[in-house]
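# sequence unknown, structure follows:
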DNA sequence: TTAATGATGTAACAATTATCACATGAAGTA
DNA sequence: TACTTCATGTGATAATTGTTACATCATTAA
């Protein structure tokens, strides 16, 4: 898989630091790397596999927030405060391996490693701007806009250029997409089929190929912001 | 106005740094501190007045994202990369004054001031979690959920306890609220009047008094997360 | 005081989206 | 193969939300 863009992607300093520590853990599909309420004392970097960050509601519904893979940082940076619990969960969509850093080790390192701090600040400020743009797309363009935005982000994070368009190289069910958009599964299904009918995209092997990304962008007034600000991870 | 909670609130180190530089600018109601496309070479801290962070769409609509006042940090942390332009805008809702730091000065300071870096990381990680929870509320609980969430956040940021409830000590038009919720003004109006009818809230002097915050929280499955994660600023 | 402007309130109707209830399809397993 | 399970597809209907078109109300300016 060719991963090009990422909001919380591993920077050089951080990569070095993770490599120095070099603790890893394998993770199995359909398990959770962490769930809401777990003690948040570790930060992870994905070495292989796919992890979905989300939040489950008491009413049984599930909210999709990010889809992360190699080099993405996963966890919550509640630095210098302990006994903090995870607010989100991390579900393993494809088995793989993560590098682990104890939060306390990262805290110690930050005290002496200025370059690392600065890289983390840069990473986080990107995330912040990214989320603001996501609000615009998800909240202000209706449910179809939410789906279009999600597809665009998926294509920026997991898209592979092909002769006939951009293959989103990850399998997601209609329900998964619905959880990102705040819609019913059936609505996603209908919207997707409408897009297929209009030759905007097609399916192949349970994966989406986008033929006309420009159409999706136009519908939500995409102003071609830096791609680094428009990813799903 | 008693301000208690804030996601991007001025930390001690940062406060000291701003005070050391001590450049200020006054801002007039209904002007913009910055708009989309402006060169993003400064960061601001609000000393007085109220500023709304938002984004305007080519289709003329306007998206509300944050409402900031004293001690809130405003601007975009695109550190160490120059010729970057603002993606959001900052509209002055109430005249006041801001302290200014040149981005380049902050960058220099970060190279030598570890405590400052760490404070900024803490601030940003709060913002990040806060936004994830906001997605859940705004995207996954319908338009009424979006409004309820906005009201709860407003009460956490600008609420003043009173005998009969919590006064949101800031004036916002129905349209302003609609811009935060991604709804039509008329829908906000209907929803608000419904809440008034049911004694959940009332209006006084163009300001909202929430009598039954618990009702609003229950409707969106609020799990009483740390208040610092549920503000509008 | 009157006029103008902007905010709010409301009804009728249209459009979108959710829900329910199944049918069909695809993939893995006994 | 047949069975089971999970994903997808689709119609009918309900619920929510947006749009249009005004009326009313409050505030400011002439």
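Yep, it's here. Here the structure is a predicted model, which means the values were calculated and not measured.
# all contacts plus neighbour counts: C-alpha atoms, from now on.
Noted.
# Determine the set of other helices and strands touching the helix or strand bottoming out on mean pLDDT in chain A.
Using mean pLDDT, DSSP states H and E, helix A:12-21 stands out as the lowest-scoring helix or strand of chain A, at a mean of 82. If contacts are counted by 3 or more C-alpha pairs under 8 Å, 6 or more residues apart in numbering or on different chains; DSSP states H and E, helix A:12-21 sits against strand A:89-102, helix A:114-140.
# ok, and for that helix, which residues are buried?
For helix A:12-21, the buried set under the neighbour-count rule, 16 or more other C-alpha atoms under 10 Å in any protein chain shown, comprises A:13-14, A:17-18.
# next structured bit after that helix?
Following helix A:12-21 in sequence order, the next helix or strand is strand A:23-27 (DSSP states H and E).
# quick one, strands of chain A?
A:23-27, A:32-34, A:42-56, A:62-68, A:73-74, A:89-102, A:159-162, A:165-168, A:201-204, A:207-210 (DSSP state E).
# Looking at those, which is nearest to residue B:222?
Closest to residue B:222 of the strands of chain A is strand A:42-56 (C-alpha to C-alpha; 12.1 Å).
# residues in contact with the closest one?
By C-alpha atoms under 8 Å, 6 or more residues apart in numbering or on different chains, the residues outside strand A:42-56 that reach it are A:10, A:18, A:36, A:62-77, A:87-103, B:136.
# Tell me who's in contact with residue A:98.
By C-alpha under 8 Å, 6+ apart, the neighbours of residue A:98 are A:24-27, A:44-48.
# what's the closest of those to chain B?
residue A:44 (15.1 Å; C-alpha to the nearest C-alpha).
# Next to chain B in this structure, residues from chain A, please.
Residues of chain A found near chain B (C-alpha under 8 Å from any C-alpha of the partner chain) are A:55, A:57-59, A:63, A:65, A:76-79, A:87, A:110-112, A:114-115, A:117-118, A:120-122, A:124-129, A:131-132, A:135-136, A:138-141, A:181-183, A:221.
# just the buried members of those?
So, by 16+ other C-alpha under 10 Å, the buried ones in those are A:55, A:63, A:65, A:76-79, A:87, A:110, A:114, A:117-118, A:120-122, A:124-129, A:131-132, A:135-136, A:138-141, A:181-183.
# rewinding a little: please convert the strands of chain A to a markdown table, extending it with mean pLDDT.
Formatted as a markdown table, the strands of chain A follow (pLDDT from 0 to 100):
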| stretch | mean pLDDT |
| --- | --- |
| strand A:23-27 | 95 |
| strand A:32-34 | 97 |
| strand A:42-56 | 96 |
| strand A:62-68 | 97 |
| strand A:73-74 | 96 |
| strand A:89-102 | 96 |
| strand A:159-162 | 96 |
| strand A:165-168 | 98 |
| strand A:201-204 | 96 |
| strand A:207-210 | 98 |
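# most tightly surrounded among those?
strand A:73-74 (a mean of 25; mean count of other C-alpha atoms under 10 Å in any protein chain shown).
# Much appreciated, bye for now.
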